[in-house]
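Enquirer: for reference, the sequence and a predicted model appear below.
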Amino acid sequence: MDLRELKEVSQINRHPWEWARFEVACKLLRKYLSGNNTFIDIGCGDVFFTKELYKRYPQSSFFAVDIEFTDEQIAGFKEEFNDKPIQVYRTLDDLNVQFKGKATQLFLMDVIEHIEHDIDFLQMVAKQPFVDDNTLLFITVPAFQKLFCTHDIFLGHYRRYHTAMLKDHVRRGGWEPLQTGYFFSSLLVPRVIQKLKEGNPQSAMGKATGLVEWKGSKTKTDLIKNVLLTDFTITNGLKKLGLSLPGLSNYVICRRSR
């Protein structure tokens, strides 16, 4: 969950989209990872993704970074993760003071759409001392600028992406794409309907909608999560057969350009 959303709720009721996105990331990266890795989650939000990843790879090391962390939040996380291989930092500079190794895997999970100059940011990440030619970078972003809506504005998004644009920005940022694609095709129709109802998102901007408002039960959450994962299984299978379907989210797996 984005920290901007976290401020809107007193108790987190995790959205099925977040659970499903986590599973999609694990499935896509499975062939690249071993049991012992060094993960760095940049723009980690409330550390949900890192905590769930730890359950899958408990022998690995984890570093979570988010510039929006307060001193109070960092202190709370340090206490929570006291007996776990998870460390939390506000900036990459703070991380580099403590960590001198190399990362197996970097994550930018719905992060670069928040950054005005995303290519410059990707170039900066590529030059970090924890990155080498074997480090993988996994990026997810919201898809299709025509679907830009009030929730994008609330979250501070500058843009949405399509595959060609994402690959272009990644390459100009110093990374070479290994694998790209869309996921969650079934969410396109609801977003198109939302967009048509809103019209101009600037004029329709009001109370935030989306993840911060999820009030579904665990049964409903699991049901929708499984529908989304079935969606991904089908579209990913079709992609392997040469048929690429659009989705509400876009991803790229890449390595630093040599």
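Expert: Arrived safely, thanks for sending.
Enquirer: give the contact list for Leu243.
Expert: Contact analysis of Leu243 by CB atoms under 8 Å, 6 or more residues apart in numbering lists nothing. From N, CA and C alone the C-beta is placed, and that goes for glycine too.
Enquirer: helix or strand: which one has it?
Expert: In this assignment (DSSP states H and E), Leu243 forms part of neither any helix nor any strand.
Enquirer: before we move on, what's the pLDDT of it?
Expert: We have a pLDDT of 94 for Leu243.
Enquirer: try Asn36
Expert: At Asn36, pLDDT is 87.
Enquirer: so the residue lying closest to it once chain neighbours are set aside, which of the three states?
Expert: Distances taken as CB to CB, 6 or more residues apart in numbering place Gln59 nearest to Asn36, at 4.9 Å, with adjacent residues excluded. Under DSSP: H, G, I helix; E, B strand; the rest coil, Gln59 falls in the coil class.
Enquirer: how about the helices in the stretch 101-250 of the chain?
Expert: Assignment of helices within the stretch 101-250 of the chain using DSSP state H, counting those that start in this stretch yields the ranges 118-126, 150-155, 163-172, 188-198, 201-204, 218-240.
Enquirer: give me the neighbour count for the spatially closest residue to Pro129 that is not a sequence neighbour.
Expert: In space, and not counting its chain neighbours, Pro129 is closest to Asn96: 6.0 Å by CB to CB, 6+ apart. Using other CB atoms under 10 Å, the number of residues around Asn96 comes to 13.
Enquirer: can you pull the contacts of Asn96?
Expert: Asn96 neighbours (CB under 8 Å, 6+ apart): Gln128, Pro129, Phe130.
Enquirer: isn't the first one up against Leu92?
Expert: Just to be clear, that refers to Gln128. Yes. Contact criterion CB atoms under 8 Å: Gln128 and Leu92 qualify, at 6.2 Å.
Enquirer: what's the spacing between the residue lying closest to Leu238 once chain neighbours are set aside and Asn13?
Expert: In this structure, Leu238 finds its nearest non-sequential neighbour in Leu245, 6.2 Å apart by CB to CB, 6+ apart. Taking CB to CB, to the nearest Å as the measure, Leu245 falls 30 Å from Asn13.
Enquirer: cool, Val65 as well?
Expert: Applying CB to CB to Val65 and Asn13 gives a distance of 25 Å.
Enquirer: who has more neighbours out of the two?
Expert: The neighbour count for Val65 versus Asn13, taken as other CB under 10 Å, is higher for Val65 (21 against 14).
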